[in-house]
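Student: following is a predicted model, sequence given first.
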Amino acid sequence: VEYYLDNIRRKEHLNAFLEVWPEEARAQAEAVDAKLAAGTAGKLAGMVIGLKDVLAYEGHALQSSSHILDGFKSLFTGTAVQRLLDEDAIVIGRQNCDEFAMGASNETSYFGPARNEIDTDRVPGGSSGGSAVAVQADMCLASIGSDTGGSVRQPAAFCGIVGFKPTYSRISRYGLIAYASSFDQIGTLTRSVEDAALLLEVMAGADSFDSTVSQREVPVYSQQLTPAPHYRVGYIKDCLERPGLDPEIKAATEQALEQLRGQGHVVEAVDFPYLDFIVPTYYILTTAEASSNLSRYDGVKFGYRAPDATDLESLYKKTRAQGFGPEVQRRILLGTFVLSASYYDAYYTKAQRVRRLIKEKTDELLREYDFLVLPTTPTTAFRIGDVNKDTLAMYLADIFTVQASLAGVPAISVPNGTDSQGLPIGLQILSGAFREEHLLAFAGSIT
Ligand code: GLN
């Protein structure tokens, strides 16, 4: 704990943590020591973790890196976090992220961007940017993030670590601030696949507080990390031909595929005809869901309240205008528009249909192949300020991560070397729903 606290202090300029809880962490560490001596310690004894600022932890500030939740403290602890505590993990603080997890660079945070330790003029990715930097810069052993369209995988790729999003519904969302509920999933940022497996087995499983969570039994993932000798691996041809894909990432991905072939796996090109539609479909559906989820922040129940309101309507308007940042406002407007009576069928219903097509095709490919392998991102970490001005360019940066989110299947990003500037490259692997033990075993074997 002292080691990590010291790193957090020395690396404050990276803006990874919004708040640190040193006294509590020390007390937890002492309690764990006593349990270790008594032989009663849990599976995560001594694992120092950080929480993305979207996870409820009783008595602790929680604000999704937004001004609108200023002063809000959580009244309860979410299921995933409680399970970590029950296994004696030590929680060290809460981490910076894009406001309401909307973004791919951590630049929409009310608290300013987190910085990539490899080059502090560059973004760490987002939305779980602070969580990725915290692991990258050794400020905690693991971070718990959330992934709606790539928010643990993309920052993991930009920071050279492992980012893992389980199957939708594998981990309870009780205590996770909602962005787009049919996509949101808690995920992990770690240095190793083994740690990701261990954290998943602790957090996953049935929970009476989340009616969407899967009732399936939870395998002991950390004990099942031996891969099969031969897998069938598909790669989407179109992904590698994508204009805008950094040639060095393309080369690194092709090299990884070649290596897999060399190891005796079957590696084949597959067709996925919907690549052009996945980003628009994702942004129509997630903004629609967000516009509904974020209607609860009205200045009455949580956090910030505009001081200059004169009646109820002006209270709503002023609180929301002052409390939400520009990207969140843009998404609420977009979501409200696609759900409006005149446009509902043209956009929302149509996007639901396209999502179904994308899901069916992805599931079909993942029945034919054990895994799909593709780059995590089209570029390496970009400079702070460079992409942020161009909303569409920022949305298009999600091109490789949103397929797994639309389909609800698990996906992991593992380090795949660096480019000529020394910036990390990520390799992404998808498997069929609830096949995490295979996905983790395979991912572990190639890192
Ligand atoms: N960049 C994507 C978005 O802004 C993904 C965010 C996320 O997964 N939370 O929606």
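Tutor: Sure, I can see it. Numbers count the residues shown, from 1 in each chain.
Student: residue numbers of the protein in contact with the ligand?
Tutor: Residues of the chain that fall close to the ligand, judged by CB under 6 Å from any ligand atom: 101-104, 127, 147-151, 179, 286, 398. C-beta: built from backbone N, CA, C; applies to glycine.
Student: and the residue of the stretch 201-350 of the chain found nearest the ligand, what pLDDT?
Tutor: Of the stretch 201-350 of the chain, the residue with the smallest distance to the ligand, taken as CB to the nearest ligand atom, is residue 286 at 5.6 Å. Residue 286 carries a pLDDT score of 98 in this model.
Student: ok, it to residue 55 distance?
Tutor: Taking CB to CB, to the nearest Å as the measure, residue 286 and residue 55 are separated by 19 Å.
Student: nearest residue to the residue of the stretch 201-350 of the chain closest to the ligand in space, please, no chain neighbours.
Tutor: residue 180 (3.8 Å; CB to CB, 6 or more residues apart in numbering).
Student: now that neighbour, what's its secondary structure?
Tutor: coil (DSSP: H, G, I helix; E, B strand; the rest coil).
Student: mind telling me what element the closest residue to the ligand within the stretch 151-300 of the chain is part of?
Tutor: Closest contact between the stretch 151-300 of the chain and the ligand, by CB to the nearest ligand atom, is at residue 151 (3.0 Å). Assessed by DSSP states H and E, residue 151 sits outside every helix and strand.
Student: nearest residue to it in space, ignoring adjacent ones along the chain?
Tutor: Leaving aside its chain neighbours, residue 151 sits nearest to residue 127 (4.2 Å; criterion: CB to CB, 6+ apart).
Student: surely residue 141 and residue 44 touch.
Tutor: No - with contact defined as CB atoms under 8 Å, residue 141 does not reach residue 44; the gap is 9.6 Å.
Student: residue 412 in helix, strand or coil?
Tutor: For residue 412, the assignment made with three-state DSSP gives strand.
Student: for it, give me its contacts.
Tutor: For residue 412, the contacting residues are 153, 162-165, 193, 196, 428-429, 439-440, 443, by CB atoms under 8 Å, 6 or more residues apart in numbering.
Student: show me where the stretch 151-300 of the chain has strands.
Tutor: Ranges of strands in the stretch 151-300 of the chain, per DSSP state E, counting those that start in this stretch, are 162-165, 185-190, 232-236, 266-270.
Student: of all these, which lies closest to residue 333?
Tutor: Evaluated over the strands of the stretch 151-300 of the chain, closeness to residue 333 peaks at strand 185-190, with 25.5 Å, by CB to CB.
Student: touching that closest one from outside, list them.
Tutor: Applying CB under 8 Å, 6+ apart, the set of residues contacting strand 185-190 is 55, 80, 128, 131-132, 134-135, 141-148, 151-153, 155-156, 161-173, 176, 195-196, 199-200, 203, 405.
Student: that older thread, how many neighbours does the residue nearest to residue 286 have?
Tutor: 24 (other CB atoms under 10 Å).
Student: thought it was touching residue 290?
Tutor: Yes - using CB under 8 Å, residue 180 and residue 290 qualify as a contacting pair, with a distance of 5.6 Å.
Student: which residues touch the closest residue to residue 418 other than its chain neighbours?
Tutor: Closest residue to residue 418 apart from its sequence neighbours, by CB to CB, 6+ apart: residue 424 at 5.5 Å. Taking CB under 8 Å, 6+ apart, we find residue 424 in contact with 118, 157-160, 380-381, 415, 417-418.
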